[in-house]
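Chemist: next come a sequence and a model predicted from it.
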Amino acid sequence: GHIVLEDLEGNIWFKSENGAHRLGSKGFQTFTVDDGLGSDNIAVILESMDGKFWFGHDNGVTLFDPAPPVIQNFTTRGALSSNSVRFIYEDKQGFVWFSVRGGVARYDGEKLQYFSGKQMSDFHPRLPDIRFPPEKNLTVNILDGGKGSLWFVGGGRHQIFRYKDGTFQRLSIWPDRVRPINRYDSPPIFGLDNRIFTVDLKGNLWLAIGESPIRCVRFAHQRLRLMDGESFQLLTADGFQVVEPNSRTSIPDSRRGGRRGITDIHVDSQGNIWFATSDAGVKRYDGATLKTFTTVDGLKSNNIRKIFEDRRGNLWFAGEQALTKYNGESFQSFSVTNVTGPPVAIYQDTNDLISFIYPYAIAKYNPLPPFDKGDYDGENFELLEGDKVLGGPLGDRMVVASTTDSQGNLWLATSHGIIKYDGKQFT
């Protein structure tokens with residue numbers, strides 16, 4: 001199974017093909033269709049702000065209200081168009097949104113309302129003649145766009161929607177050509193494509209197509225100044241190039257069989273946008289200029305796969321057998337030459353200890369001087385390989401997902417079960 005969340009009472013929840021599982025003060029408990037779930041094949045679990053639990057699966061979605069205990073199932077017999085619920089999101093107003101094949105659904109506390117991809121498209125004021133209608137199997141991720149808005153992002157450039165004030169807008173560039181948004185290296189954990197996109201501090205959507213960073217923002221076009229339109233902008237070394245919805249403007253093709261391109265996008269605490277690339281180092285957009293950092297500047301490798309910012313404002317750039325810290329002025333690299341692949345995840349606990357979770361190893365960085373320097377490879381860095389950790393608790397187990405709880409413990413979902421790591425030992 002995969003670790004999903006820690007609930008408000010400190011219980012850890014897991015999802016699997018055999019039900020939902022809870023580990024807490026009452027021990028390890030499993031919930032299945034015999035307990036009221038619509039299916040045992042759980043894709044996603046969400047605890048909403050009101051303490052209710054939502055279980056998305058291949059037979060719709062199940063709502064569990066623990067006080068008093070009430071279970072309710074929603075399927076195609078009700079408001080859903082598909083029983084495949086792959087993603088659940090709660091917005092700041094407390095509405096719960098569901099990504100289902102073909103569209104999205106919203107629960108307002110009393111009823112469930114479904115919006116098909118066609119309905120989401122029909123609300124767009126400027127693109128009535130889009131050549132690519134939404135696929136019947138359209139599945140979207142959901143992101144907060146700020147100021148009461150939401151972004152719904154699918155796999156292609158004609159699968160982007162914005163929702164605000166009860167109205168959807170479908171956004172599209174190059175609608176006559178299918179070209180997907182870049183994916184992360186790791187496999188999808190929640191049943192969705194791990195597409196590379198994020199939202200900046202102003203609510204603008206950023207996505208990656210090949211080697212090109214694209215920003216989607218509100219704009220005031222002279223001919224459309226009375227409309228609430230959106231604009232796609234291609235970020236280049238010379239600034240932004242506005243791309244109109246039906247423009248023929250091209251973007252650079254990814255070379256080397258499509259494997260070259262942007263591999264991660266990160267918005268730091270100062271509002272800078274960082275782009276990791278597969279062979280050109282990292283790039284930073286500070287709101288005015290685009291600057292590139294490579295091995296010439298101090299990176300360990302130009303093949304960077306993941307960006308992480310710690311609570312002290314340091315940025316970490318992780319790649320294939322490469323790990324570099326950037327403090328805003330200089331770079332410091334650490335030895336991970338024997339590690340396979342980039343990190344699955346990166347976490348920082350309440351004591352500021354940073355853990356880098358690799359498929360077959362864990363690296364730890366303590367920003368404070370270690371008490372026992374003999375345990376560290378380098379000044380504050382320790383690498384725990386699978387066959388060296390307490391006689392090999394990882395062994396040949398591959399870490400596929402992970403999370404951290406409020407106590408700072410790491411929970412690792414591996415190819416052979418769940419492992420807990422408290423910073424000192426694995427259990």
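Modeler: Cool, got the structure.
Chemist: helix/strand/coil for Asp297?
Modeler: State at Asp297, reduced to three classes by DSSP: H, G, I helix; E, B strand; the rest coil: coil.
Chemist: Gly313 is in contact with Gln348, correct?
Modeler: No - in this structure Gln348 lies outside contact range of Gly313 using Cβ atoms under 8 Å: 12.0 Å. To be clear about C-beta, it is placed using only N, CA and C from the backbone, and glycine gets the same treatment.
Chemist: and the average pLDDT for stretch 241-256 is what?
Modeler: Averaged over stretch 241-256, pLDDT sits at 57.
Chemist: excluding chain neighbours, what is closest to Pro66?
Modeler: Leaving aside its sequence neighbours, Pro66 sits nearest to Gly51 (Cβ to Cβ, 6 or more residues apart in numbering; 6.7 Å).
Chemist: now for the one you found, how many residues are close by?
Modeler: Using other Cβ atoms under 10 Å, the number of residues around Gly51 comes to 12.
Chemist: repeat that for Thr427.
Modeler: The burial count for Thr427: 10, using other Cβ under 10 Å.
Chemist: partners of the nearest residue to it once chain neighbours are set aside in the sheet?
Modeler: Among residues not flanking Thr427 along the chain, Lys420 sits closest, at 5.0 Å (Cβ to Cβ, 6+ apart). For Lys420, the beta-bridge partners under DSSP bridges are Trp411.
Chemist: so Lys420 makes contact with Gln407?
Modeler: No - taking contacts as Cβ under 8 Å, Lys420 lies outside contact range of Gln407: 10.3 Å.
Chemist: more neighbours: those two, which one.
Modeler: A side-by-side neighbour count of Lys420 and Gln407, using other Cβ under 10 Å, places Lys420 first with 15 against 11.
Chemist: okay, that one: pLDDT?
Modeler: 83.
Chemist: can you pull the contacts of it?
Modeler: Shown in contact with Lys420 (Cβ atoms under 8 Å, 6 or more residues apart in numbering): Asn409, Leu410, Trp411, Leu412, Phe426, Thr427.
Chemist: ok, now with 7 Å
Modeler: Asn409, Trp411, Thr427 (Cβ atoms under 7 Å, 6 or more residues apart in numbering).
Chemist: how about Ile304: what's its closest non-neighbour residue?
Modeler: Ala276 (4.0 Å).
Chemist: an error on my part: the question was meant for Glu211.
Modeler: Sequence neighbours aside, Gly261 is the residue nearest to Glu211 in space, at 4.8 Å (criterion: Cβ to Cβ, 6+ apart).
Chemist: between Gln348 and Gly313, what contacts are shared?
Modeler: Counting by Cβ under 7 Å, 6+ apart, Gln348 and Gly313 have no shared contacts at all.
Chemist: these two: who's more crowded?
Modeler: Gln348 (19 against 12).
Chemist: on that earlier part again, that's a helix at the residue nearest to Pro66, yeah?
Modeler: No - going by three-state DSSP, the assignment for Gly51 is coil, not a helix.
Chemist: just checking, it touches Leu8?
Modeler: Yes - counting by Cβ atoms under 7 Å, Gly51 does reach Leu8; the two are 6.4 Å apart.
Chemist: so Phe64 versus Gly36, what's the distance?
Modeler: Distance check for Phe64 against Gly36: by Cβ to Cβ, to the nearest Å, it reads 7 Å.
Chemist: whoops, I mixed them up, Ala105
Modeler: 20 Å.
Chemist: those two: which is more packed in?
Modeler: Ala105 (24 against 16).
Chemist: show residues contacting the strand or helix carrying the more buried one.
Modeler: Assigned by DSSP states H and E, Ala105 falls within strand 103-107. Applying Cβ under 7 Å, 6+ apart, the set of residues contacting strand 103-107 from outside is 79-81, 95-98, 112-117, 120, 138, 140, 152.
Chemist: give me the low-pLDDT residue ranges for the stretch 201-350 of the chain?
Modeler: The stretch 201-350 of the chain contains residues with pLDDT under 70 at 218-231, 244-260.
Chemist: now the strands for it?
Modeler: Applying DSSP state E, counting those that start in this stretch to the stretch 201-350 of the chain gives strands spanning 205-209, 212-218, 230-236, 239-243, 262-267, 273-277, 282-285, 290-293, 304-309, 315-319, 322-326, 331-334, 345-348.
Chemist: mind putting the ones you listed into TSV with distance to Tyr358?
Modeler: Output for the strands of the stretch 201-350 of the chain, formatted as TSV (distance: least, Cβ to Cβ, whole Å):
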stretch	distance to Tyr358
strand 205-209	23
strand 212-218	27
strand 230-236	31
strand 239-243	36
strand 262-267	16
strand 273-277	17
strand 282-285	20
strand 290-293	23
strand 304-309	11
strand 315-319	9
strand 322-326	10
strand 331-334	13
strand 345-348	9
